[in-house]
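>>> what's the 3D shape of this:
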Amino acid sequence: MVSHSRRGLHHLRDLVNEDQQGFATNVYARLFSIEPALRDLFGPSMTEMRSKFVGVIDHVLATIPAPSGQDELVDFLAQLGRDHRKYGITPEHYNHMYQALMDEFAAMMGADWDTETQQAVSQAMLLTTGVMRGAAQMAEGPAVWTAEVAEKFRISRDLAVVRLLTDHPPVYQTGQYLEVCIPQWPKTWRNLSPAIPPNEAGELEFHVRGVPGGLFSASVVKETAVGDRWTFAQAHGTLHIEPQLPVLMVAGGTGLAPLRALLLDMARRADQVPTHIFYGTRYPGELYDLAVLRRICATNPWLTVTAVSEHTEDPWWLDAVVTPTELGIEHMYGTLANVVVTYSDWSEHQVLLAGSPDMIESTRTRLIITGVPARRIQHDPLT
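Okay, here's the model as predicted:
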């Protein structure tokens, strides 16, 4: 029976992966037919939601019959349940999702949907929905909180700094990122990293670059205005500083934000480990936050800053306010990965990476090849 149940789960997983988008579309159609009001809880486009949903179901169907990994799966589902609070999901909605999933699975498997397979799949989906529902009900703190835009600065045509105020200390740890929703895109959530540590004054700061095709980020850069109220949900991420080893930080573009927050937090204490941050962009004029790093350096001798740009000159549309040389900061040219790995031996350092997925993956791989243990390299999940 056990072997049959495992085969059924594996077969079902194969069927899901044969047409992932069709599976997700059908499940959500069944869900919204059971409870039409649920559709209003999500944004206008369900494409990203469906993709993530398929990933969750694939993970569940792969892990439950596996010899190990079930404890990690429960932790994953619990975090997912806490995250879903921001949508306004209620306990009853999980019952609707269970039914939608079971109906779609039965339709997919047809004649193979026998009693044993039905029982195995039912147990898997009851675990999935039950853990998520229970974690959401037991979660502490509000599902969402808000802050008002107090200042906004356009640094360049595709980069903005946004500062906000909230009535209470922001709910996150230094180095984490937050789920954010803006009024221009209601019910659409993106992850942004605060550039300052949480504080009693309720201040937040975000550095946002408009990426090609990124409607959310483009709205922040072009449309966000003083007085807008942003909504925040769960904090994620585990970037942190261990107290023993010297630190190497590598920041690409606005990936500087979480590392900047950690540096500001470290600057509150004098007994810090030696830290070297490489801050890189495409053009010298995009090194928008060098002046802040220079001020941190001025009173914290444990910190060294190296600026990196792939090009030596700025394009016509960029006008750098001040150059690294004028600030007394070392300036090197090339990709971050190349500059970092040829600069020194980092094998005895802890490493924190933040920036684009390509930069992180390239730098991480190069550092491991040169002798940095993979366990000492931190970065947020690559998406």
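>>> every contact and neighbour count from this point should use C-alpha atoms.
Noted.
>>> just the CA trace of stretch 296-307, in CSV.
Extracted in CSV, the C-alpha atoms of stretch 296-307 (Å, rounded to 0.1, in the frame of the first residue of the first chain):
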residue,chain,number,x,y,z
ILE,A,296,30.3,55.9,8.1
CYS,A,297,34.0,55.3,7.3
ALA,A,298,35.0,58.7,8.8
THR,A,299,34.1,57.6,12.3
ASN,A,300,34.5,53.8,12.0
PRO,A,301,38.1,52.7,11.2
TRP,A,302,37.0,49.1,11.0
LEU,A,303,35.3,49.8,7.6
THR,A,304,36.9,50.0,4.2
VAL,A,305,35.0,50.9,1.0
THR,A,306,35.9,50.2,-2.6
ALA,A,307,33.8,51.6,-5.4
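>>> flag the shaky bits of the stretch 51-200 of the chain, pLDDT-wise.
Scanning the stretch 51-200 of the chain for pLDDT under 70 picks out nothing.
>>> do a quick rundown of the strands in it.
Applying DSSP state E, counting those that start in this stretch to the stretch 51-200 of the chain gives strands spanning 145-156, 159-165, 177-181, 190-192.
>>> and these as a markdown table, adding mean neighbour count?
A markdown table is the format used below for those (neighbours: other C-alpha atoms under 10 Å):
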| stretch | mean neighbour count |
| --- | --- |
| strand 145-156 | 18 |
| strand 159-165 | 21 |
| strand 177-181 | 21 |
| strand 190-192 | 17 |
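>>> nearest residue to the residue nearest the centre of the chain in space, please, no chain neighbours.
In the chain, the centroid-proximal residue (C-alpha atoms, centre = their mean) is N191; its distance is 5.0 Å. Leaving out its chain neighbours, the residue that sits closest to N191 by C-alpha to C-alpha, 6 or more residues apart in numbering is E179, at 4.6 Å.
>>> can you give me the helices in the protein?
2-18, 20-34, 47-63, 70-83, 91-109, 115-138, 215-223, 256-266, 290-298, 324-327, 336-343, 357-369 (DSSP state H).
>>> buried ones in the third one?
Within helix 47-63, the residues that qualify as buried by neighbour count (16 or more other C-alpha atoms under 10 Å) are 50, 53-54, 56-58, 60-63.
>>> please save the CA atoms from it in CSV.
This file holds the C-alpha atoms of helix 47-63, laid out as CSV (Å, rounded to 0.1, in the frame of the first residue of the first chain):
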residue,chain,number,x,y,z
THR,A,47,0.5,34.8,-13.6
GLU,A,48,3.1,35.1,-10.8
MET,A,49,0.7,33.7,-8.2
ARG,A,50,0.0,30.6,-10.4
SER,A,51,3.7,30.0,-11.0
LYS,A,52,4.5,30.1,-7.2
PHE,A,53,1.4,27.9,-6.5
VAL,A,54,2.7,25.2,-8.9
GLY,A,55,6.1,25.4,-7.2
VAL,A,56,4.5,24.8,-3.8
ILE,A,57,2.4,21.8,-4.9
ASP,A,58,5.4,20.3,-6.7
HIS,A,59,7.5,20.7,-3.5
VAL,A,60,4.7,19.0,-1.5
LEU,A,61,4.2,16.1,-3.9
ALA,A,62,8.0,15.5,-4.1
THR,A,63,8.8,15.7,-0.4
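>>> for it, packing partners?
helix 2-18, helix 20-34, helix 70-83, helix 115-138 (3 or more C-alpha pairs under 8 Å, 6 or more residues apart in numbering; DSSP states H and E).
>>> hang on, isn't L336 packed against G280?
Yes. Contact criterion C-alpha atoms under 8 Å: L336 and G280 qualify, at 6.1 Å.
>>> need the overlap of contacts for those two.
250, 252, 308-309 (C-alpha atoms under 8 Å, 6 or more residues apart in numbering).
>>> between L336 and G280, point out the one with more neighbours.
Neighbours per residue (other C-alpha atoms under 10 Å) separate L336 from G280, with G280 holding more: 30 against 25.
>>> okay, that one: pLDDT?
The model reports G280 with a pLDDT of 97.
>>> partner residues bridging it?
G252, V308 (DSSP bridges).
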